[in-house]
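[1] Following is a predicted model, sequence given first.
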2 protein chains.
Amino acid sequence: MATRALMVNVVLFSLRDEALQVLLAPRVERWELPGETVGESEALEEAANRVLATLIRRREAYLEQLYTYGDPARDARQATVSVVYFALVPAGTGLLPGTAVQWAAVASLPSLVGGQADIVAYALRRLRYKLEYSAVGFQLLPQEFTLSELQHTYEIILSERLDKRNFRRRILASSIIEETSLLRTGEGRPARLYRYRPDAVAEVKARRLFP
Amino acid sequence: MATRALMVNVVLFSLRDEALQVLLAPRVERWELPGETVGESEALEEAANRVLATLIRRREAYLEQLYTYGDPARDARQATVSVVYFALVPAGTGLLPGTAVQWAAVASLPSLVGGQADIVAYALRRLRYKLEYSAVGFQLLPQEFTLSELQHTYEIILSERLDKRNFRRRILASSIIEETSLLRTGEGRPARLYRYRPDAVAEVKARRLFP
DNA sequence: AGAATAGTGTCTCTCAGACATTATTTG
DNA sequence: CAAATAATGTCTGAGAGACACTATTCT
């Protein structure tokens, strides 16, 4: 029984130059999501981590399975099944040398190989969505950050201005972050640095639309 | 290049006997999620629909991709990748004759083959979650239903009693359903029948946990 | 002193949640 | 008329959203 080729692809987001960016690999005249074929006895997530390891200088990244694509009619590469993962790394994460991958702002993506623009769009929708009810946003920030930086991150991803006082009230009320004793100095008044509390239970207090 | 066997499995939920039930196929001494191998040039969703077609008398069912499992270490069937779909059919949907599948209440599942109990648990979590912010619950009801039946459906799935007045206020305020001119008679005062409005924009008004 | 950024409090309005009685039908 | 189920309204408290000024540092 001949079966179909299996690969994982990764939609890796990060913040760079005040914009949300995705990492893309060059392909003839186009770009594509980085990916690898899954090994014979390899777990899917293992393969996804292997892809990340070829791209970035980093031990850890937020990684989550996004969706599995496998419609031969839609996919240029006949008969390939692609398990797509969604990954986040903090701003400033370095790329490994020797790879031809490049960051591209999601707001103005280059031309991607068949169907992959939709995949990126879906990943972005998921990121925005998760940002609202989970603590995923901290994965895009360094370990310590100011409230202004945090707010800025949210604003970039949601493409929406947020009110500073309301933002602070709510983020602090959720006790998802804690003060450090450090300040970041720069232009203007120094800002207090905060740290994410992974132990904090990020309870979802969504107001139910339906009962 | 030898690649891994690919199959789809379906977690099919329905309401029966006042309980949420899943459809299971018999396996030696155990039960398993119904599934099929994916064809050479078949789309994944196509394969999932094919599985449904072997099980139930019905043209349409709510179908959504749930998760893809493919960890050889965890999976009994070495080197199989399983794309699991999540499906809902209305109460009373008939099974096709000649299959050995059986309904089982999710609250007291029989013994499932390796790892599949977790898959059902995940599907249930997703169902509960979606119930709160989307209109997925209507997929478990016939086309016309009373508000009491709808409330009952929610209560069964969420395992939680709901207040009748608040339930009605909110469900009606969302204008996700519309009155019909029909009544259902039975014991006690006849109840008005309602119908789901698929055209209604089920806008998610989730209260953000994080700004 | 001026520019830059950080940090803080109040009011209003909406809506979730708690709660009990009346209405209509059948046997 | 008793039993069964359907249908309906009000109050309270929490929190989202709108809004403007003071504080601290650097040059």
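    It's in. Keep in mind that this is a model prediction, so the values were computed, not measured.
[2] in chain A, what residue is nearest DNA strand C?
    A:G188 (2.3 Å; CB to the nearest atom of the strand). Every residue, glycine included, has its C-beta placed from N, CA and C.
[3] And for that residue, the neighbour number?
    7 (other CB atoms under 10 Å in any protein chain shown).
[4] Spell out the secondary structure type for it.
    Here A:G188 is recorded as coil under DSSP: H, G, I helix; E, B strand; the rest coil.
[5] per-residue confidence at it?
    Here, the pLDDT recorded for A:G188 equals 94.
[6] Not counting its neighbours along the chain, what's nearest A:D17?
    Distances taken as CB to CB, 6 or more residues apart in numbering or on different chains place A:A105 nearest to A:D17, at 7.7 Å, with adjacent residues excluded.
[7] Do you have the strands of chain A handy? List them.
    For chain A, the strands defined by DSSP state E occupy A:5-16, A:19-27, A:30-32, A:35-37, A:62-69, A:80-88, A:102-105, A:144-146, A:177-184, A:191-196.
[8] Of those strands, which is nearest B:R128?
    Closest to B:R128 of the strands of chain A is strand A:62-69 (CB to CB; 19.6 Å).
[9] strands paired with the closest one, and their directions?
    strand A:80-88 (antiparallel) (DSSP bridges).
[10] and the partner strand, how far out from the chain's middle?
    12 Å (CA atoms, centre = their mean, to the nearest Å).
[11] Would you mind putting the CA coordinates of that strand into PDB?
    Below are the C-alpha coordinates for strand A:80-88, written out as PDB (Å, rounded to 0.1, in the frame of the first residue of the first chain):
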ATOM      1  CA  THR A  80       1.400  15.400   0.500                       C
ATOM      2  CA  VAL A  81      -0.100  15.600   3.900                       C
ATOM      3  CA  SER A  82       1.200  18.600   5.900                       C
ATOM      4  CA  VAL A  83       0.700  18.900   9.600                       C
ATOM      5  CA  VAL A  84       1.200  22.600  10.300                       C
ATOM      6  CA  TYR A  85       2.400  23.900  13.600                       C
ATOM      7  CA  PHE A  86       2.200  27.300  15.000                       C
ATOM      8  CA  ALA A  87       5.200  28.700  16.900                       C
ATOM      9  CA  LEU A  88       6.100  31.900  18.700                       C
END
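[12] ok and it relative to strand A:5-16, angle-wise?
    20 degrees (axes from the mean of the first three to the mean of the last three CA atoms, to 10 degrees).
[13] Looking at strand A:80-88 now, give me its mean pLDDT.
    97.
[14] before we move on, back to that, would you check that the residue nearest to A:D17 makes contact with A:L20?
    Yes: here A:A105 reaches A:L20: they are 7.0 Å apart, a contact under CB atoms under 8 Å.
[15] and these two? which has more neighbours close in?
    A:L20 (20 against 14).
[16] Identify the bridge partners of that one.
    Beta-bridge pairing for A:L20 (DSSP bridges): A:L15.
[17] Give the full set of residues in contact with it.
    Applying CB atoms under 8 Å, 6 or more residues apart in numbering or on different chains to A:L20 gives the contacts A:13-14, A:105-107, A:124, A:127, A:156-157.
[18] same deal with A:E179?
    Contacts of A:E179 by CB under 8 Å, 6+ apart are A:192-195.
[19] so which of those is the most crowded?
    A:Y194 (23 neighbours).
[20] if I pick that one, what's in contact with it?
    Here A:Y194 is in contact with A:144-147, A:150, A:177-180 (criterion: CB under 8 Å, 6+ apart).
[21] switch the cut-off to 10 Å
    Neighbour list for A:Y194: A:138, A:141, A:143-147, A:149-150, A:171-172, A:176-180, A:182 [criterion: CB atoms under 10 Å, 6 or more residues apart in numbering or on different chains].
[22] Go ahead and build a ChimeraX selection from the buried members of those residues.
    In ChimeraX, this line selects whichever of the contacts of A:Y194 come out buried by 16 or more other CB atoms under 10 Å in any protein chain shown:
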select /A:138,141,145,146,147,149,150,171,176,177
